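Undergrad: Show me how the following folds:
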Amino acid sequence: MNIIILGKGYVGTALFDCLNKTFDEDTDCVNIYSKAELDYTDRSTLVNRITPETWVINTCGYTGRPNVDACEDNKDDTWYYNVCVPMKIMSSCKEVGAHFVHVSSGCIYDGYDKDYTENDEPNFGLLSNESSWYSKTKHAGEMSLKNEPAHILRIRMPFCATWSERNVLTKLIKYDNVIDCVNSMTNLEDFCLFISHYITQKEPKPGLYNVVNPGKLPTSEILYMLRKYSLENPNWNTITLDELYKTTKAKRSNCVLSDQKIENMNLQLPDVLSSLNRCCKQLRTTKQEQ
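TA: Below you'll find the model as predicted:
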């Protein structure tokens, strides 16, 4: 098996570390590239690097820094990297017959009418008047791949056990003002293990998959867990969504995704509370070591 990970960001780097441990008998089979190292936007460049046995995992995308508000100011780049680039990679994979995995987002839903499944039409995506530009492009990216042999994996509010600026837990520690909304979450370590199991299945079926940890958490419960491990911000102040939107350029997605589909495949992730507890414990340990 040959695995090429596109993107050296938060998800791509974690996935590279995980898969190298999983396939440690042949570490040369897992490679990770930035766009500068391998121009995956160029069809011929990528085609010459992959074979029918290759799994191409796309973790690149435009999320905005420090948050999705930046996407409102950089709409062209956001559209290009979240919509056009996945299509270019898919085209290259189709030409060769390689497998294509695209890491997407569950931020294309909003509200608590139900736990959203892969069959539910996004209500906070391209056709919504309320959604952020980022959410619109993530939905558009999925739409462009809908009829292609792509494996689309949606994650939500990714968190992990490292002090990354992209980790939801470290973001919450940094923020003074927080909103208390219920959401699905994806532990990054669990997600990486999911991919290692998913791609080694016998003929995994292309399509949409919500890859979230079972359970749903309000922000207040996450803060409680952080406090438990002395990871508290003394300035925490709970505000309403209306108050938040006075200081942001774009609205935020708050929703719960169903993980029934991956549960039926026997690929369900660990319970969100157990993974959250583990990550907070490790964050405290590494903080003490610093």
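Undergrad: Would you state the strands of the stretch 1-150 of the chain in chain order?
TA: Ranges of strands in the stretch 1-150 of the chain, per DSSP state E, counting those that start in this stretch, are 2-6, 30-33, 54-58, 99-105, 111-116, 150-155.
Undergrad: Make JSON lines from these and add mean neighbour count, distance to residue 125 and mean pLDDT to it.
TA: Every residue, glycine included, has its C-beta placed from N, CA and C. Formatted as JSON lines, the strands of the stretch 1-150 of the chain follow (neighbours: other Cβ atoms under 10 Å; distance: least, Cβ to Cβ, whole Å; pLDDT from 0 to 100):
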{"stretch": "strand 2-6", "mean neighbour count": "23", "distance to residue 125": "23", "mean pLDDT": "96"}
{"stretch": "strand 30-33", "mean neighbour count": "20", "distance to residue 125": "29", "mean pLDDT": "94"}
{"stretch": "strand 54-58", "mean neighbour count": "25", "distance to residue 125": "19", "mean pLDDT": "97"}
{"stretch": "strand 99-105", "mean neighbour count": "24", "distance to residue 125": "10", "mean pLDDT": "98"}
{"stretch": "strand 111-116", "mean neighbour count": "15", "distance to residue 125": "11", "mean pLDDT": "96"}
{"stretch": "strand 150-155", "mean neighbour count": "24", "distance to residue 125": "12", "mean pLDDT": "98"}
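Undergrad: Output those strands in JSON lines, with distance to residue 47 appended to each entry.
TA: Shown next, in JSON lines, are the strands of the stretch 1-150 of the chain (distance: least, Cβ to Cβ, whole Å):
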{"stretch": "strand 2-6", "distance to residue 47": "12"}
{"stretch": "strand 30-33", "distance to residue 47": "14"}
{"stretch": "strand 54-58", "distance to residue 47": "11"}
{"stretch": "strand 99-105", "distance to residue 47": "13"}
{"stretch": "strand 111-116", "distance to residue 47": "36"}
{"stretch": "strand 150-155", "distance to residue 47": "17"}
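Undergrad: how about those, which one is nearest residue 141?
TA: strand 99-105 (6.6 Å; Cβ to Cβ).
Undergrad: got a list of what the residue lying closest to residue 81 once chain neighbours are set aside touches?
TA: Spatial nearest neighbour of residue 81, excluding adjacent residues (Cβ to Cβ, 6 or more residues apart in numbering): residue 62 at 4.0 Å. By Cβ atoms under 8 Å, 6 or more residues apart in numbering, residue 62 lies in contact with 71, 74, 77, 78, 80, 81, 82, 134, 137.
Undergrad: Wasn't residue 266 part of a helix?
TA: No: assigned with DSSP: H, G, I helix; E, B strand; the rest coil, residue 266 falls outside any helix and is coil.
Undergrad: What score does residue 28 have for pLDDT?
TA: pLDDT, residue 28: 71.
Undergrad: sorry, back to before: so which of the strands of the stretch 1-150 of the chain gets nearest residue 238?
TA: If we rank the strands of the stretch 1-150 of the chain by Cβ to Cβ, the stretch that ends up nearest is strand 111-116, at 18.3 Å.
Undergrad: on that earlier part again, and residue 163, which of the strands of the stretch 1-150 of the chain is closest to it?
TA: The nearest among the strands of the stretch 1-150 of the chain, by Cβ to Cβ, is strand 150-155 at 19.5 Å.
Undergrad: Now the element after the closest one, going C-ward?
TA: The helix or strand immediately downstream of strand 150-155 is strand 158-159, counting by DSSP states H and E.
Undergrad: which helices and strands sit right next to that next one?
TA: Packed against strand 158-159 by the contact rule (3 or more Cβ pairs under 8 Å, 6 or more residues apart in numbering; DSSP states H and E) you find helix 168-174, strand 186-187, helix 188-198, helix 272-289.
Undergrad: Please produce JSON lines containing these, extended by distance to residue 151, mean neighbour count and mean pLDDT.
TA: Shown next, in JSON lines, are the helices and strands packed on strand 158-159 (distance: least, Cβ to Cβ, whole Å; neighbours: other Cβ atoms under 10 Å; pLDDT from 0 to 100):
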{"stretch": "helix 168-174", "distance to residue 151": "24", "mean neighbour count": "18", "mean pLDDT": "96"}
{"stretch": "strand 186-187", "distance to residue 151": "16", "mean neighbour count": "28", "mean pLDDT": "98"}
{"stretch": "helix 188-198", "distance to residue 151": "7", "mean neighbour count": "20", "mean pLDDT": "97"}
{"stretch": "helix 272-289", "distance to residue 151": "23", "mean neighbour count": "16", "mean pLDDT": "91"}
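Undergrad: Only whichever of the contacts of residue 62 are buried, select them in PyMOL.
TA: Only the buried entries of those go into this PyMOL selection, using 16 or more other Cβ atoms under 10 Å:
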select buried, resi 71+78+81+82+134+137
